[in-house]
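> below is the sequence, then the predicted model.
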Amino acid sequence: MIPAIRGTHDILPGEVEKWQYVERLARQLCDRFGYVEVRTPVIEREELFAKGTGETTDIVQKEMYSFTDKGGDRITLRPEATPSMVRAFVEHNLENALPSAKIFAMGPMFRYERPQKGRYRQFHQFDVEAFGIEDPAVDAEVIDLAWSLVSGLGIPQAELVINSVGCPACRPRFQDALLAAVKDDLPKLCGDCQRRATTNPLRIYDCKIPADQPIIDALPHSVDYLCEPCATHFTAVKGYLDAAGIPWRQSHRLVRGLDYYTRTTFEILGQTLGAQNALLGGGRYDGLVKTLGGADRTGIGFAAGLERLVLALPETAPIAATPRAFIVAIGEDGRAAAWTLLRSLRQAGLAAQMEFDARSVRAQMKRADRLAARVTLIVGGDELARGEITLRDMATGDQHAIAHDAIVETVRTYL
RNA sequence: GUGGGUGUAGCUCAAUGGCAGAGCACCGGUCUGUGGCACCGGUUGUUGCGGGUUCGAUUCCCGUCAUCCACCCCA
């Protein structure tokens, strides 16, 4: 046997229905909110992520699947969706080509990480992006879409956390204040925090070491250093969320691992996922479009982990099976008649199956039961002689002789 | 990339340094043309893979792969 690659998974029947349920609701919500689908390639130039996701991020530094192709180009399997969406927005001038530049995508992403619950090497994201709208209402709309997805799926105990990390005008002041505050206590912090202080100071807020918490609690908060426009923007976002009745919690410790975020950042956390508890995360990235060679346009979006949404789904998630008919054929004549009946039902738009091997009636009935067929159609010598088909209602056990010509329409009333 | 736990039938799990088991599932029968319930019978294994110790390893040891948990990171 040749096994699947580490950190990748086959999604089999029994599981795939949950995915379809999640994907269906995501598409419905996008349609309702006015976001249109864009499908971008799985492979991109390596530099797209180096510039877009950020050279200093762990994703770019150690998690990308990159290789040189036969033409000598550096290629990367996308580790996240946003840079591709920005590239497509710029490359196809979507702000003019579309009525509004609100787009979404779904598909596989790749990161070379150690797999664990909720974290895989090939994983799947539902990604939503809105370009060129600076008004805080769009921040709230994107968060509303995210919240509607999680609550619409019935995921229990989900929590929306928001923060504002400021903009290029005000963030340097905050970072200076943060570094100054950390400096004094740096020797008392854990090794990871000491490393973060030089590589990515904001991540100190992510530290879970109990001994570090008093020091971290005393560090400055980004929201206290916002410039006037950023503070006004953030207040407005919260106002829209309140007006929508969406519960949120503000946390100065919400820091996101990507370099491009400005102003609003948010996550929705699940309670049943273990350490990988972020169902989705996102925020505003007002400088990214320009960084990637486009005009100076704002952007905001989020990415949801489909594996994590599926994991967090409640037991009661409605997974509906298509009602179907099953044909039990007896004898060679019966099997020949069953084959034409099977095709008639399918041509009429009905779901129908039959047993292809010549097995006992009992075995065929068992198969019908296992397939959860609504009705079983029995085609044997007796029925053929009378020009009829026996229809058995599998729920009640009632059987009726139906004229051959009327069978398709009769079955339709059961399905 | 680091530390720890676990790998036995399709699934969930037993067992023992000496012939590898159960329940469920599957197949057949009781019921020669009728599912679910019941009973009877049957099939199913390179004990994850490779090496070592041993007369003998599924069991003990090492490596490796996978998986789970935590770190790290993030969806």
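Done, it's in. Residues are numbered from 1 along each chain as shown, chains lettered A, B, ... in the order given.
> name the residues that touch stretch A:246-260?
With CB atoms under 8 Å, 6 or more residues apart in numbering as the test, stretch A:246-260 has contacts from A:52-59, A:80, A:82, A:143-144, A:147, A:159-163, A:165, A:200, A:202-203, A:205-206, A:216, A:221-223, A:238, A:241, A:265-267, A:281, A:283, A:285, A:287-288, A:291. Using the backbone N, CA and C atoms, a C-beta is placed for each residue, glycine as well.
> ok, and of those, which contact RNA strand B?
Filtering the contacts of stretch A:246-260 for neighbours of RNA strand B using CB under 7 Å from any atom of the strand leaves A:57-59, A:80, A:200, A:203, A:206, A:267, A:281.
> which of the contacts of stretch A:246-260 are buried, as a ChimeraX select command?
Buried subset of those, written as a ChimeraX selection, criterion 16 or more other CB atoms under 10 Å:
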select /A:52,53,54,57,58,59,80,82,143,144,147,159,160,161,162,163,165,200,202,203,205,206,216,221,222,223,238,241,265,266,267,281,283,285,287,288
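> show me what contacts A:Asp296?
A:289-290.
> isn't there a strand covering A:His124?
Yes. Assessed with DSSP: H, G, I helix; E, B strand; the rest coil, A:His124 lies in a strand.
> list the residues that contact it.
By CB under 8 Å, 6+ apart, A:His124 lies in contact with A:106-109, A:305-307.
> buried residues, stretch A:113-127. List them.
Applying 16+ other CB under 10 Å to stretch A:113-127 flags A:113, A:118-127 as buried.
> identify the farthest-apart pair in these.
The most widely separated members of those are A:Glu113 and A:Phe126, with 19.6 Å between them, by CB to CB.
> any idea which helix or strand comes after the lowest-mean-pLDDT helix or strand in chain A?
Here the helix or strand of chain A ranked lowest by mean pLDDT, DSSP states H and E is helix A:191-199, holding a mean of 78. The helix or strand immediately downstream of helix A:191-199 is helix A:213-217, counting by DSSP states H and E.
> right, and the helix or strand after that next one?
helix A:228-244.
> how far is that following helix from where the chain is centred?
Relative to the chain's own centre, helix A:228-244 is displaced by 26 Å; criterion: CA atoms, centre = their mean, to the nearest Å.
> can you tell me the closest non-neighbouring residue to A:Gly152?
Counting by CB to CB, 6 or more residues apart in numbering, A:Leu25 is the residue found nearest to A:Gly152 once chain neighbours are left out, at 5.4 Å.
> surely the one you found and A:Ile155 touch.
No. Assessed by CB atoms under 8 Å, A:Leu25 is found out of contact with A:Ile155, at 11.1 Å.
> looking at these two, which one has more neighbours?
Shown here are A:Leu25 and A:Ile155; by other CB atoms under 10 Å, A:Ile155 has more neighbours (22 against 17).
> show me the contacts for that one.
So A:Ile155 contacts A:270, A:279, A:309, A:312-314 (CB under 8 Å, 6+ apart).
> same check, this time on A:Thr53
Taking CB under 8 Å, 6+ apart, we find A:Thr53 in contact with A:59-60, A:79-80, A:82-83, A:258-260.
> repeat that for 6 Å
Residues near A:Thr53 by CB atoms under 6 Å, 6 or more residues apart in numbering: A:59-60, A:83, A:258.
> just to revisit the earlier point, any idea how far the residue nearest to A:Gly152 is from RNA strand B?
Applying CB to the nearest atom of the strand, to the nearest Å, the value for A:Leu25 to RNA strand B is 16 Å.
> tell me the helix or strand right after the helix or strand where that residue lies.
In this structure, A:Leu25 is located in helix A:16-33 according to DSSP H and E. Where DSSP H and E defines the elements, the next helix or strand beyond helix A:16-33 is strand A:36-37.
> can you list contacts of that following strand?
Contacts of strand A:36-37 (CB under 6 Å, 6+ apart): A:103-104.
> can you name the residues bridging to A:Asn163?
A:Thr265 (DSSP bridges).
> now it: how far from A:Leu98?
As for A:Asn163, its distance to A:Leu98 is 30 Å (criterion: CB to CB, to the nearest Å).
> so the residue sitting furthest away from the middle of chain A, which state does it fall into?
Residue farthest from the centre of chain A, counting by CA atoms, centre = their mean, is A:Ala385 at 55.3 Å. Using three-state DSSP, the structure places A:Ala385 in helix.
> residues contacting it?
Per CB under 6 Å, 6+ apart, neighbours of A:Ala385: none.
> what of A:Pro220?
A:Pro220 neighbours (CB under 6 Å, 6+ apart): A:177-178, A:181.
> how about 7 Å then?
A:Pro220 is in contact with A:174, A:177-178, A:181, counting by CB atoms under 7 Å, 6 or more residues apart in numbering.
> which residue packs closest to A:Arg203, ignoring adjacent ones?
Per CB to CB, 6+ apart, closest to A:Arg203 is A:Arg196, 4.6 Å.
> how far away is the one you found from RNA strand B?
Computed with CB to the nearest atom of the strand, the distance linking A:Arg196 and RNA strand B is 6 Å.
> neighbours around that residue, how many?
Neighbour tally, A:Arg196, other CB under 10 Å: 19.
> same check, this time on A:Asp73
A:Asp73: 11 surrounding residues under other CB under 10 Å.
> and it, backbone torsions?
phi -90, psi 150 (degrees, to the nearest 10).
> pLDDT score for it?
Looking at A:Asp73, its pLDDT reads 95.
> is the nearest residue to A:Tyr414 once chain neighbours are set aside bridged to anything, and to what?
Nearest residue to A:Tyr414, sequence neighbours excluded (CB to CB, 6+ apart): A:Val375, at 4.7 Å. Using DSSP bridges, the bridge partners assigned to A:Val375 are A:Ala325, A:Asp393.
> spit out the contact partners of A:Val375.
A:325, A:391-394, A:411, A:414.
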